[in-house]
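Chemist: Return a 3D structure for these sequence lines:
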Amino acid sequence: MIILRQSNYSKADINKLGRETDHEIREAVKGTKAESKVKKILDRSTKEMKEAAQKEYSKQDREVVPDDIVKKVKEGDGVIQKDHNGDWRIISMKTKTNKSGKPEFWDARYDSKASASKALGGYFANKH
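Modeler: Numbering: from 1, shown residues only. Model prediction:
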């Protein structure tokens, strides 16, 4: 509703569109004078919501890796290991950047070592 008020829509139009989704609002104003202004406002608010969600997600603590699995990684078995539930997991050994100061599991769980390996490869391919 704030978006519609900022775009100089009438009160009647706001009441009609007030509960619609972003997509429905965009469709409703298509071809009107307010279209570009509404688009800018929606794009900005969507970006802000995504950034806020990412900040909130990054505050969450990851699962600390048990010492017996950390030992396997340090012995050279690689950062892809089975957890105690039998799921394949990727382990972050960057203890300086981890909140806990200890190795942590990535959040994702994989059915096979191969699929975890592909995910890790994708991470490194997109890192740069």
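Chemist: by contact count, what packs against the lengthiest helix in the chain?
Modeler: Assignment by DSSP state H gives helix 35-59 as the longest helix of the chain. Of the remaining helices and strands, those touching helix 35-59 by 3 or more CB pairs under 8 Å, 6 or more residues apart in numbering; DSSP states H and E are helix 2-6, helix 22-29. Placement of C-beta: from N, CA and C, glycine included.
Chemist: State the mean pLDDT of it.
Modeler: Averaged across helix 35-59, the pLDDT comes to 72.
Chemist: next helix or strand past it?
Modeler: Downstream of helix 35-59, the next assigned helix or strand under DSSP states H and E is helix 67-72.
Chemist: what's the spacing between that following helix and its chain's center?
Modeler: In terms of CA atoms, centre = their mean, to the nearest Å, the centre of helix 67-72 is set 28 Å apart from its chain centre.
Chemist: In that helix, which residues are buried?
Modeler: Residues Ile69, Val70 are the ones in helix 67-72 that count as buried (16 or more other CB atoms under 10 Å).
Chemist: low pLDDT regions in this protein?
Modeler: 1-22, 53-60, 97-98, 128 (pLDDT under 70).
Chemist: again, only this time at 50
Modeler: 1-5 (pLDDT under 50).
Chemist: quick check: longest strand of it.
Modeler: strand 88-92 (DSSP state E).
Chemist: CA atoms of it as CSV?
Modeler: Output in CSV follows, covering the C-alpha atoms of strand 88-92 (Å, rounded to 0.1, in the frame of the first residue of the first chain):
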residue,chain,number,x,y,z
TRP,A,88,27.0,-36.1,2.7
ARG,A,89,28.0,-32.6,3.9
ILE,A,90,30.6,-30.0,2.9
ILE,A,91,32.8,-28.7,5.8
SER,A,92,34.0,-25.2,6.1
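Chemist: Which SSE is immediately downstream of it?
Modeler: Assigned by DSSP H and E, the successor of strand 88-92 is strand 104-105.
Chemist: Show me which parts of the helix or strand just after that next one are buried, residue by residue.
Modeler: Note on strand 104-105: by DSSP H and E, the next helix or strand toward the C-terminus is helix 113-127. Within helix 113-127, the residues that count as buried by 16+ other CB under 10 Å are Ala116, Ser117, Leu120.
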